[in-house]
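K.L.:
Fold the following, please.
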Amino acid sequence: VWRGSYWLTTSEYKLGAAAHGPSSVQRALLGATSSDTVRSRIYSGKPARLLKTKWTDAWAKPDAPSPLPMPLQNILVGEAHQRISAADDPEVVAMPVGQIVGRMNEIRPVADIMAELVDGYDKAVDRLNRAR
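P.N.:
Modelled structure (predicted):
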């Protein structure tokens with residue numbers, strides 16, 4: 001199971017960390033639904049699902065340039081991504097995230113998420129064993 005996005009709303013996640021409380025990235029993710037993502041090549045030059053923000057909207061305008069192929073796009077926007085992160089504005093976040101974002105509703109410790117995963121696995125194995 002691909003769960004990369006889920007770790008972005010853990011209490012241990014520190015990229016773009018705010019002095020107090022959730023980072024701009026986390027605030028943006030917590031406020032998003034599963035329909036708040038777009039698929040685009042603007043992040044790295046390869047197709048990726050991104051959180052829909054003012055950044056993705058600007059790239060989607062008819063007069064916006066086409067994304068460059070990888071790795072050139074990442075070189076082009078790398079500094080912009082650093083500035084966006086430093087700006088602490090959840091409306092402009094440049095962050096890849098899957099549609100699971102709609103279930104990312106709170107900041108949780110990694111230990112809680114891991115316990116939930118292990119518990120879900122144990123329950124699935126029990127159901128399979130009972131089905132035999």
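
K.L.:
shouldn't K52 be in contact with S34?
P.N.:
No: contact criterion CB atoms under 8 Å: K52 and S34 do not qualify, at 11.3 Å. For the C-beta atoms, the positions are set from N, CA and C on the backbone; glycine is no exception.

K.L.:
more neighbours, those two?
P.N.:
Per other CB atoms under 10 Å, whichever of K52 and S34 has more neighbours is K52, with 20 against 12.

K.L.:
how about that one, what does it touch?
P.N.:
Residues near K52 by CB atoms under 8 Å, 6 or more residues apart in numbering: A32, D36, T37, V38.

K.L.:
would you list the residues you listed in TSV and tack on secondary structure?
P.N.:
Shown next, in TSV, are the contacts of K52 (DSSP: H, G, I helix; E, B strand; the rest coil):
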residue	secondary structure
A32	coil
D36	coil
T37	strand
V38	strand
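
K.L.:
Between those, which sits nearest Q99?
P.N.:
T37 (5.7 Å; CB to CB).

K.L.:
Which residue, other than its chain neighbours, is closest to the closest one?
P.N.:
Nearest non-adjacent residue to T37, counting by CB to CB, 6 or more residues apart in numbering: R49, 4.9 Å away.

K.L.:
Would you mind putting the contacts of K52 into a markdown table with neighbour count alongside?
P.N.:
Shown next, in a markdown table, are the contacts of K52 (neighbours: other CB atoms under 10 Å):
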| residue | neighbour count |
| --- | --- |
| A32 | 21 |
| D36 | 17 |
| T37 | 22 |
| V38 | 16 |
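
K.L.:
Out of those residues, which is nearest to R103?
P.N.:
A32 (10.3 Å).

K.L.:
Distance check, the closest one against V93.
P.N.:
Relative to V93, A32 is positioned 10 Å away (CB to CB, to the nearest Å).

K.L.:
what touches both of those two?
P.N.:
The contact sets of A32 and V93 overlap at L51 (CB under 8 Å, 6+ apart).

K.L.:
ranges for the helices of this structure?
P.N.:
Under the criterion DSSP state H, helices of the chain are mapped to 24-30, 54-60, 72-87, 110-131.

K.L.:
how about these, which one is nearest S44?
P.N.:
Using CB to CB, these put helix 72-87 closest to S44, at 4.6 Å.
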